[in-house]
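Undergrad: Here's a sequence, model it:
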Amino acid sequence: MPQGFVGITLKNLRKERELTLKNLAQQTGVSISFLSQVERGKSSVTLESLKKIADALGVNPSVFFAVDDTQDALAIRRETFYYKDLSNGVIEACFSPILVTLQPGENEGNPFSHSGHEFLFVIEGLLTVEVNGERFQLHGQESTLFDAQKMHYWFNYTDKIVRFLVVSSKN
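TA: Reported below is the predicted structural model:
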C-alpha cells in the first residue's frame, strides 16, 4: 500500500528540513498525532492534507506518489478516491496535474485552500464543486478555473463514478 511510501517520504522530507512533527503540525493545521500516524503508515492521507503538507515542505504533492510496478504507476488508492499523478515524474513543475476518480456517493470532505490556482476538467460524470461556499455542477467535458486561496472542495452526489482532471499551480 502506498501509505507506507507516503509516510517514509513525509518523514524524510520533514527531517531534511529539520522540522519536528510539532513544527509541521503548526504550519499545516494537521495534528501531530495524525502526522505521526501517516509517517508510520498507520493512517491514509487525503489530497487535502497532502496539499497542505506539500506546501509547508515546499514540494510538489507528486513526491508522495509511489512508483510501484505491482500497481498503477504513480497512484494512491483509497476506498472512495483514486488519485493518479500525471506529472510523469517531474517534481519541480510550476503545476501539478492529477486525475481523480470519485466513487458514487463520495460526498464527504472539508473545503480547503492553498496557494495558486486550480483548474478542474470533468472527463465523465457529474461533479459538484464548492468554491467559497457556493456550489455548482460540472458535466462531462466542462471545466472551471479559480483562485485556490478560496475555500474549495468537490463531491460526487450521483450513483455513477466521476472522473476529472485537477491541475493546481504553485503560485
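
Undergrad: Now the element after the helix or strand of the chain with the lowest mean pLDDT, going C-ward?
TA: Each helix and strand of the chain was given a mean pLDDT (mean pLDDT, DSSP states H and E); the minimum falls on strand 75-77 at a mean of 44. Elements were assigned by DSSP states H and E; along the chain past strand 75-77, the next helix or strand is strand 81-85.

Undergrad: That next one pairs with which strands, and in what direction?
TA: Strand pairing for strand 81-85, using DSSP bridges, gives strand 75-77 (antiparallel), strand 95-102 (antiparallel).

Undergrad: Now do it, average pLDDT.
TA: What strand 81-85 shows for mean pLDDT is 73.

Undergrad: Reformat the strands paired with strand 81-85 as CSV; add distance to residue 134.
TA: Heads up, the C-betas are built off the backbone N, CA and C, glycines and all. Rendered in CSV, the data for the strands paired with strand 81-85 read as follows (distance: least, CB to CB, whole Å):
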stretch, distance to residue 134
strand 75-77, 29
strand 95-102, 19
